[in-house]
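Engineer: A structural model of the following input is requested.
(3 chains)
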Amino acid sequence: MMTFEFTNDALFSFGVGKIKALETKMITRPIFDQMAEGSLESIYKSIAEYGYSVNLEESILKSKKTTYDLVTHLIEKKERYHILSDLYLLQEDCYNLKNYLKSPKSPVLPFNPLGKISQKDLQEIVNNKRYHLFDKMDSEIAGYYIAQAMERSTPSGIDQMIDTLFLELSLKKIRQSEVDYLNVYFHDYVDLLNIENLLRFKFMKKDFSYFSQFYFHCGSLKKRFLEELYREKIEDIALRFRSKRYASVLQKTAEAWIKDQNLNSFEVEKDNYLNSLARITRLLTFGVEPIFGYLFGKETEYKNLRIIINGKQRKLSVDQIKEMIRQTYV
Amino acid sequence: MKIEVSATRMELLRLRKRLALARRGHKLLKDKQDELMRKFLELIEEYKKSRKQTDQDLLDFYKEYYRATIEYSEERLMALFSYPELELDMQSEIVPVMNLRLPKFQVKTNKEIKCFGVKDVNVGIDFSLARMKGFIPHLVKLAEVENNVKELALEIERTRRRVNALEYILIPDLEETIDYISMKISEVERSNLTRLMKVKEIVERH
Amino acid sequence: MTIGLFIAGMGIFISVVLAGIGSAVGIGLAGQVAAGVMSEDPKNFGKYLMLIALPGTQGIYGFVIGFLVIMKLGILTGTVPSLSIAQGLNVFAAAAPIGFAGLVSAIHQGKVCAAGIEMAAKQPSDVGKALVMGVFVEFYAVLGLLISFFLVWFGINL
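Structural biologist: I've put the predicted structure just below:
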């Protein structure tokens, strides 16, 4: 159907309006900080106001389900973005796929109901090579990586192949949808993932060939460049990235490493940087981006809730918990 | 306490033999006990050191691990650790110490402890697991030493009971009985002598 | 019917239709956002009402100018005036400013109001500020209206 539109902005205005109203019901950073200071009972009391029960995982699952349904419903409007609605479900599907590949006979873990692919289809995909059930449009990519995963057969190999599959498919879908914001987000995400692994294996004193098993080639950092970095000191690595958007992440990590030889701050800084990218969408009035921003924001909220509750249960100090709480979306 | 035996010269000889044997046994057992004690003290030192080291290792590990896994749900952690890749190559041999057969373990870790991908996995988890892989041999060593200490302690107790039984019961009893028998025998001899003297007197009178 | 009258009619068309389209798009934008917000927060309808209605004024301005031109031409009295081409162009030029100013300003006002509604969704007390920002855009539609009004009222001599 030919539609006559003066402006593309109107496409998601209903959705954006809904998202903006929902944002007011998200937990903000000051509230998280306040929670970290209270006791476990008071935390349970305060998260109850936001719809999370004492059984945190169950309520997170419920919240995830409603969020996914909402976002799928909101971006359904425009055909070009249909491919995007699979993105977040893909992650859940990959989780199921990994578990199935690792133990096909007797599953150790319960099936995750959030994904798009049913348990039966999953068996079909793996056993009868019917890869188009996994992804209609890109069954070749799916087939290639699933076959690779089965060939590698070690748990870490399977994880790596399925993760690569996820990133490849995501990037392909994002490129097709032509949403620049998501493109930027995912490139930075993959780059930071590669840098994280570089630091991880470098400080675990593994050689470069071990690292290259875990290298993701869909980012913008080339393997040769990383090999060069592999021999350098962390301060120099940080300097190499000083012109990138995420320069501060590496700089702070380098400082923390020199101070007390741990990379914990990298995780926090990385998440904070990615969240700051997600927060940009909060400033937009129109377009599909705020809807995705909300999705990322929700993920951060779940993470923060887990940090606070687990931290309290494990009796970590308030400062330690606060240090780990990620920058929130709102 | 005196042993109930007939007070004959034959018995005396037998008891003297037994006493000599008991004394020799006592000396041997005493020596064994001393040696066990020395070994035990050595092992205890090793155990203390090993225990302290392992406690510290575990503490460091759990500190790092708890911090790293704080943002994961139980299920996610299960997904990470349910399919281990690490293999422990364990070799055991039996080392004789006195009459004891103590086990000795040798453990080698092959393959990586890492059994999951890198996406959405905290750096801290990898670091803590690498730390764990480093102290798995220490854990096995601690188990070995702890077992050996227990075995030795039991053996020492058993030996000490035997030594004490010899020292405070069997040897004094034997000595007492020997004394008794020799006294009895000399008593009999004396009475025999007097009887002979009496007989001789009677014979001389006639 | 003369060509002059046709051109004058085009002037009326432009002022009413373009300003009307602008208002419709603007209200559509603001209305959709408001509907989205209210699907989660139904209480504050009254607060958003002014922001939704604000882009609608351009359509009214266009209608007013169109009506004025019709009155000026005396069509309401039942007579069909005969206009030269020059007179027709004169009428066209008089009606055009509100048409174009209305079209563009209404769409943009719609965007400002939509943003204002999103802002008010987060901080309901800021609805006044959002309204002020919308009124700034309105200002330029009013300028277009004034020029069209003067041109129609004083500039057309039949």
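
Engineer: closest point of the stretch 101-250 of chain A to chain C, which residue?
Structural biologist: Residue of the stretch 101-250 of chain A nearest chain C, by CB to the nearest CB: residue A:181 (17.5 Å). Quick note: C-beta positions are derived from backbone N, CA and C, even for glycine.

Engineer: next SSE after the worst-scoring helix or strand of chain A on mean pLDDT?
Structural biologist: Among the helical and strand segments of chain A, the one scoring lowest on mean pLDDT, DSSP states H and E is helix A:82-85, with a mean of 77. Next helix or strand after helix A:82-85 toward the C-terminus (DSSP states H and E): helix A:87-102.

Engineer: Just the C-alpha atoms of that following helix, please, in PDB.
Structural biologist: Presented in PDB, the C-alpha positions along helix A:87-102 are these (Å, rounded to 0.1, in the frame of the first residue of the first chain):
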ATOM      1  CA  LEU A  87      17.300  -9.400  17.400                       C
ATOM      2  CA  TYR A  88      16.600  -9.700  21.100                       C
ATOM      3  CA  LEU A  89      14.800 -13.000  20.700                       C
ATOM      4  CA  LEU A  90      17.900 -14.300  18.800                       C
ATOM      5  CA  GLN A  91      19.900 -13.900  22.000                       C
ATOM      6  CA  GLU A  92      17.500 -16.200  23.900                       C
ATOM      7  CA  ASP A  93      17.500 -18.600  21.000                       C
ATOM      8  CA  CYS A  94      21.200 -18.800  21.000                       C
ATOM      9  CA  TYR A  95      21.200 -19.500  24.700                       C
ATOM     10  CA  ASN A  96      19.000 -22.500  24.100                       C
ATOM     11  CA  LEU A  97      21.000 -23.600  21.100                       C
ATOM     12  CA  LYS A  98      24.200 -23.600  23.100                       C
ATOM     13  CA  ASN A  99      22.700 -25.700  25.800                       C
ATOM     14  CA  TYR A 100      21.200 -28.100  23.400                       C
ATOM     15  CA  LEU A 101      24.500 -28.500  21.500                       C
ATOM     16  CA  LYS A 102      26.400 -29.100  24.700                       C
END
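
Engineer: what packs against that helix?
Structural biologist: If contacts are counted by 3 or more CB pairs under 8 Å, 6 or more residues apart in numbering or on different chains; DSSP states H and E, helix A:87-102 sits against helix A:56-75, helix A:119-128, helix A:139-152, helix A:155-177, helix B:74-81.

Engineer: Let me know which of those is the nearest to residue C:113.
Structural biologist: helix A:56-75 (20.8 Å; CB to CB).

Engineer: Just checking the distance from that closest one to the centre of its chain.
Structural biologist: 15 Å (CA atoms, centre = their mean, to the nearest Å).

Engineer: Any part of that helix near chain C?
Structural biologist: No: shown here: helix A:56-75 not in contact with chain C (CB under 8 Å from any CB of the partner chain), separated by at least 8.7 Å.

Engineer: orientation of that helix relative to helix B:74-81 in degrees?
Structural biologist: Angle, helix A:56-75 to helix B:74-81, by axes from the mean of the first three to the mean of the last three CA atoms, to 10 degrees: 90 degrees.

Engineer: Only the buried residues of whichever helix or strand the residue of the stretch 101-250 of chain A closest to chain C is part of, if you could.
Structural biologist: Here residue A:181 sits within helix A:180-203, counting by DSSP H and E. Using 16 or more other CB atoms under 10 Å in any protein chain shown as the test for burial, helix A:180-203 gives A:181-182, A:185-203.

Engineer: give me the subset of these touching chain B.
Structural biologist: The subset of those within reach of chain B, by CB under 8 Å from any CB, is A:193, A:196-197, A:199-200, A:203.

Engineer: re earlier: which residues touch the least confident helix or strand of chain A?
Structural biologist: A:71-72, A:75-76, A:137, A:173-174, A:176-177, A:179, A:182, A:288, A:292 (CB atoms under 8 Å, 6 or more residues apart in numbering or on different chains).

Engineer: and these, which are buried?
Structural biologist: Looks like the contacts of helix A:82-85 have A:71-72, A:75, A:173-174, A:177, A:179, A:182, A:288, A:292 buried, using 16+ other CB under 10 Å.

Engineer: tell me the SS of residue C:105?
Structural biologist: Three-state call for residue C:105 (DSSP: H, G, I helix; E, B strand; the rest coil): helix.

Engineer: I'd say it and residue C:145 touch.
Structural biologist: No: assessed by CB atoms under 8 Å, residue C:105 is found out of contact with residue C:145, at 10.3 Å.

Engineer: More neighbours: which of these two?
Structural biologist: residue C:105 (28 against 23; other CB atoms under 10 Å in any protein chain shown).

Engineer: Without its sequence neighbours, what residue ends up closest to the more buried one?
Structural biologist: Distances taken as CB to CB, 6 or more residues apart in numbering or on different chains place residue C:141 nearest to residue C:105, at 4.3 Å, with adjacent residues excluded.

Engineer: And residue B:47, by the same measure?
Structural biologist: residue B:145 (4.8 Å).

Engineer: What parts of chain C come near chain A?
Structural biologist: Residues of chain C lying near chain A (CB under 8 Å from any CB): C:21, C:25, C:28-29, C:32-41, C:107, C:111, C:114-115, C:117-118, C:121-122.

Engineer: how about the residues of the stretch 101-250 of chain A near chain B?
Structural biologist: So the stretch 101-250 of chain A meets chain B at A:102-103, A:108-110, A:154-156, A:158-160, A:162-163, A:166-167, A:193, A:196-197, A:199-200, A:203-204, A:214, A:216 (CB under 8 Å from any CB).

Engineer: list the contacts for the nearest residue to residue C:104 once chain neighbours are set aside?
Structural biologist: Sequence neighbours aside, residue C:22 is the residue nearest to residue C:104 in space, at 6.8 Å (criterion: CB to CB, 6+ apart). Residue C:22 is in contact with C:55, C:58-59, C:102-107, counting by CB under 8 Å, 6+ apart.

Engineer: what about residue B:93, which helix or strand?
Structural biologist: strand B:87-97.

Engineer: Name the next helix or strand following that strand along the chain.
Structural biologist: Going down the chain from strand B:87-97, the next helix or strand is strand B:100-110, by DSSP H and E.

Engineer: Which other helices and strands does the helix or strand just after that following strand contact?
Structural biologist: Downstream of strand B:100-110, the next assigned helix or strand under DSSP H and E is helix B:123-164. If you count contacts as 3+ CB pairs under 8 Å, 6+ apart, helix B:123-164 packs onto helix A:180-203, helix A:264-280, helix B:9-68, strand B:87-97, strand B:100-110.

Engineer: can you list those in CSV and add distance to residue A:13?
Structural biologist: Output for the helices and strands packed on helix B:123-164, formatted as CSV (distance: least, CB to CB, whole Å):
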stretch, distance to residue A:13
helix A:180-203, 17
helix A:264-280, 19
helix B:9-68, 42
strand B:87-97, 59
strand B:100-110, 59
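
Engineer: Need the ones you listed in CSV (columns: distance to residue B:164 and mean pLDDT).
Structural biologist: Shown next, in CSV, are the helices and strands packed on helix B:123-164 (distance: least, CB to CB, whole Å; pLDDT from 0 to 100):
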stretch, distance to residue B:164, mean pLDDT
helix A:180-203, 60, 90
helix A:264-280, 59, 89
helix B:9-68, 10, 91
strand B:87-97, 22, 87
strand B:100-110, 20, 86
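
Engineer: picking up where we left off before, next one: the residue nearest to residue C:105, what pLDDT does it get?
Structural biologist: What the model reports for residue C:141 is a pLDDT of 93.

Engineer: Please apply the same query to residue C:157.
Structural biologist: pLDDT, read off for residue C:157, is 77.

Engineer: Contacts only, for it.
Structural biologist: Counted by CB under 8 Å, 6+ apart, residue C:157 has zero contacts.
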